[in-house]
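Colleague: sequence unknown, structure follows:
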């Protein structure tokens, strides 16, 4: 997971790139941090997708849930 320091550095480099430009070393650092950010994002997104459960309208669990809601 990306630390707050690394995220702040990504933003700092992005701002510097827009204003004064980056050195070659900073471009390499930015590319490395960007790749790390994307890997983290993809992993968290994949985890969210893996936790999604598709339920069909005729699933008996839906009826059970409706019954519970009616009784409350």
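Modeller: Perfect, I can see it now. Quick caveat, the model's predicted, so the values are computed rather than measured. Numbers count the residues shown, from 1 in each chain.
Colleague: residue ranges with poor pLDDT in this protein?
Modeller: Scanning the chain for pLDDT under 70 picks out the ranges 72.
Colleague: From the chain's centroid, how far away is stretch 53-68?
Modeller: Here the centre of stretch 53-68 is set off from its chain's centre by 29 Å, with Cα atoms, centre = their mean, to the nearest Å.
Colleague: can you check stretch 1-11 too?
Modeller: Computed by Cα atoms, centre = their mean, the chain-centroid distance of stretch 1-11 equals 14 Å.
Colleague: and what of stretch 19-30?
Modeller: Stretch 19-30 sits 25 Å away from the centroid of its parent chain (Cα atoms, centre = their mean).
Colleague: And for stretch 38-49?
Modeller: Distance, stretch centre to chain centre, for stretch 38-49: 5 Å (Cα atoms, centre = their mean).
Colleague: now stretch 26-45
Modeller: Stretch 26-45 has its C-alpha centroid displaced from the chain centroid by 11 Å (Cα atoms, centre = their mean).
Colleague: buried sites along that stretch?
Modeller: Within stretch 26-45, the residues that qualify as buried are 30, 33, counting by 16 or more other Cβ atoms under 10 Å. Any C-beta I mention is one placed from the backbone N, CA and C, and that applies to glycine too.
Colleague: Ok, stretch 6-23 next?
Modeller: So for stretch 6-23, counting by 16+ other Cβ under 10 Å, buried means 9, 10, 13.
Colleague: what's next to it, contact-wise?
Modeller: Stretch 6-23 has contacts (Cβ atoms under 8 Å, 6 or more residues apart in numbering) with 26, 29, 30, 33, 34, 36, 37.
Colleague: nearest residue to the last one other than its sequence neighbours?
Modeller: Think residue 37. residue 2 (5.7 Å; Cβ to Cβ, 6 or more residues apart in numbering).
Colleague: can you pull out the helices in the protein?
Modeller: Along the chain, counting by DSSP state H, helices occupy 4-19, 24-50, 60-71.
Colleague: isn't the residue nearest to residue 37 right next to residue 35, touching?
Modeller: No. Applying Cβ atoms under 8 Å, one finds residue 2 not in contact with residue 35, separated by 11.0 Å.
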